[in-house]
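K.L.:
model this:
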Amino acid sequence: MSKSTTMLPVILILLALVPLVESAKPDSSANADQRRLQQVAARGVSYLRTKGQQADGSFSGETGPGITSLVTIGLLRSDLPPSDPMVARSLKYLEGFIQPSGGIHQDGTLYRNYETCLAILCFTEANRDGRYDEAIKKADAFIKGIQWDKEEGITRSNPGFGGAGYGRHNRPDLSNTAFFIEALKAAGNDADSEAVKRALVFISRCQNLESEHNTTSFPAKNPDGGFYYTVAAGGSSQAGKTENGGLRSYASMTYAGLKSMIYAGLDADDPRVVAAVSWIRENYDLTENPGLGDAGHFYFLHTFAKALSALGQDEIEDVNGKKHFWRSELIVELSRRQRRDGSWVNRNTRWLEGDANLVSGYALLALSYCHATTDRE
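P.N.:
Numbering: from 1, shown residues only. The predicted model follows:
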């Protein structure tokens with residue numbers, strides 16, 4: 001028998017072992033991230049199922065329908081179907097807020113835009129069989145009707161033009177306008193929509209960037225490319241003012257502004273987008289809401305995820321040259337902040353972030369943008 005013949009059985013044995021060797025390799029970091037994501041999200045869903053939902057189907061219903069909408073979006077984006085008993089109860093609860101006007105909000109609320117926009121996002125996510133087509137269409141018309149524009153006697157020269165806001169303050173803000181433009185997109189409006197174009201006018205004026213799109217006095221005083229809360233009614237930033245009277249930029253509004261500009265059709269080369277990304281590279285941090293510390297931290301994290309998903313970048317290189325794989329870092333951040341019962345709560349209770357339902361909803365939403373597939377936006 002030749003040497004080559006005697007070697008054949010050995011070679012065949014080695015070849016047969018190759019699949020075993022491959023399967024014994026540890027998961028890649030990406031696979032490990034996805035496993036951790038699924039585990040963390042499952043624990044969050046379990047908390048909401050066992051401790052979060054009230055008998056009427058609401059989540060923190062004493063605050064109105066907004067938190068229920070937000071939590072239900074998070075549940076649906078965590079792969080629960082509309083037929084899931086918990087989800088079905090919350091959808092039934094939200095249906096009770098559909099108004100003859102087309103709005104989806106509680107009677108007498110000061111938060112018509114906020115509540116209706118979140119309901120649009122929720123019903124769109126649940127609209128697997130077209131059951132909410134009519135409600136979404138009417139709600140879309142409703143929010144367009146309360147946008148700050150000529151119907152409210154507001155001309156383009158007014159700083160509040162194109163925005164959306166709370167009734168109590170009688171002026172628009174970037175947070176409400178970000179939900180507004182996201183709801184418009186979900187309802188089928190594109191960059192050619194007049195409502196979207198008007199919203200972009202307001203959004204651009206909330207950026208610390210001097211340009212033809214923002215000729216207000218604020219950006220010259222703090223030209224860092226970030227965003228603040230509102231340019232309307234004299235201007236306001238939750239992060240306060242600079243010594244010379246400029247409005248300080250902060251992360252949650254900068255990511256909200258970036259996301260909104262992309263939804264409005266701006267591409268990565270637009271100077272407004274470039275400036276916002278530059279601010280993000282200067283201030284990249286997930287351990288807090290840069291500019292506000294721990295205030296609004298979970299609102300920031302969910303907005304962060306939406307914005308970078310919309311931007312279409314898997315990594316962000318900070319100003320020091322460090323590359324951040326943001327999905328992986330976000331999964332880790334939310335994992336370490338999850339409580340034993342599966343919920344999340346911010347120790348800083350500003351903006352209702354002491355409410356475990358709201359914060360767990362933010363966390364699930366943020367995690368839903370961390371899936372390996374890119375078809376979940």
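K.L.:
was I right about Asn346 contacting Tyr299?
P.N.:
No: in this structure, Asn346 is not within contact of Tyr299 by C-beta atoms under 8 Å, at 9.1 Å. For the C-beta atoms, the positions are set from N, CA and C on the backbone; glycine is no exception.
K.L.:
Give the residues shared as contacts by these two.
P.N.:
Common contacts of Asn346 and Tyr299 (C-beta atoms under 8 Å, 6 or more residues apart in numbering): Glu353.
K.L.:
and Arg336, how many neighbours?
P.N.:
For Arg336, the tally of surrounding residues (other C-beta atoms under 10 Å) stands at 9.
K.L.:
element containing it?
P.N.:
Assigned by DSSP states H and E, Arg336 falls within helix 326-337.
K.L.:
low pLDDT regions in the stretch 101-250 of the chain?
P.N.:
The model of the stretch 101-250 of the chain has no residue with pLDDT under 70.
K.L.:
Quick check: the spatially most central residue of the chain vs Leu80, distance?
P.N.:
Ranked by distance to the mean C-alpha position of the chain (C-alpha atoms, centre = their mean), the top residue is Thr303 at 3.5 Å. Note on Thr303: its distance to Leu80, by C-beta to C-beta, to the nearest Å, is 22 Å.
K.L.:
and what of Glu333?
P.N.:
23 Å.
K.L.:
before we move on, what about Glu194?
P.N.:
With distances taken as C-beta to C-beta, Glu194 is found 36 Å from Leu80.
K.L.:
Which one's more surrounded, these two?
P.N.:
Between Glu194 and Leu80, Leu80 has the larger neighbour count (other C-beta under 10 Å), namely 20 against 12.
K.L.:
Neighbours of the closest residue to the more buried one other than its chain neighbours, how many?
P.N.:
Closest residue in space to Leu80, ignoring its immediate chain neighbours: Val87 at 5.3 Å, by C-beta to C-beta, 6 or more residues apart in numbering. Look at Val87: counted by other C-beta under 10 Å, it has 23 neighbours.
K.L.:
can you tell me which helix or strand Val87 belongs to?
P.N.:
Applying DSSP H and E as the criterion places Val87 in helix 85-95.
K.L.:
quick one: contacts of that helix?
P.N.:
Residues from elsewhere that reach helix 85-95, judged by C-beta under 8 Å, 6+ apart: 48-49, 53, 56-59, 61, 65, 68-69, 71-72, 75-76, 80-82, 104, 119, 122-123, 126, 135.
K.L.:
Helices - which of the residues you listed land there?
P.N.:
Using DSSP state H, the subset of these located in helices is 68-69, 71-72, 75-76, 119, 122-123, 126, 135.
K.L.:
which residue ranges form the helices in this structure?
P.N.:
Counting by DSSP H, the helices of the chain are 3-23, 29-47, 66-76, 85-95, 112-126, 133-145, 174-186, 194-205, 251-263, 271-282, 297-311, 326-337, 356-368.
K.L.:
Please name every helix or strand in contact with the fifth one.
P.N.:
Spelled out, it's helix 112-126. With contacts defined as 3 or more C-beta pairs under 8 Å, 6 or more residues apart in numbering; DSSP states H and E, helix 112-126 has these neighbours: helix 66-76, helix 85-95, helix 133-145, strand 164-166, helix 174-186.
K.L.:
Quickly compare the ones you listed and say which is most buried.
P.N.:
Of all the helices and strands packed on helix 112-126, helix 66-76 carries the top mean neighbour count, a mean of 28, counting by mean count of other C-beta atoms under 10 Å.
K.L.:
and Ile67, what does it touch?
P.N.:
58-61, 352, 355, 357-358, 361.
K.L.:
Over to Leu292?
P.N.:
238-239, 250-252, 300.
K.L.:
can you give me phi and psi for the nearest residue to Asn283 once chain neighbours are set aside?
P.N.:
Ranked by C-beta to C-beta, 6+ apart and with sequence neighbours excluded, the top spatial neighbour of Asn283 is Pro290, at 4.3 Å. When quoted as degrees, to the nearest 10, the phi and psi of Pro290 stand at phi -50, psi 130.
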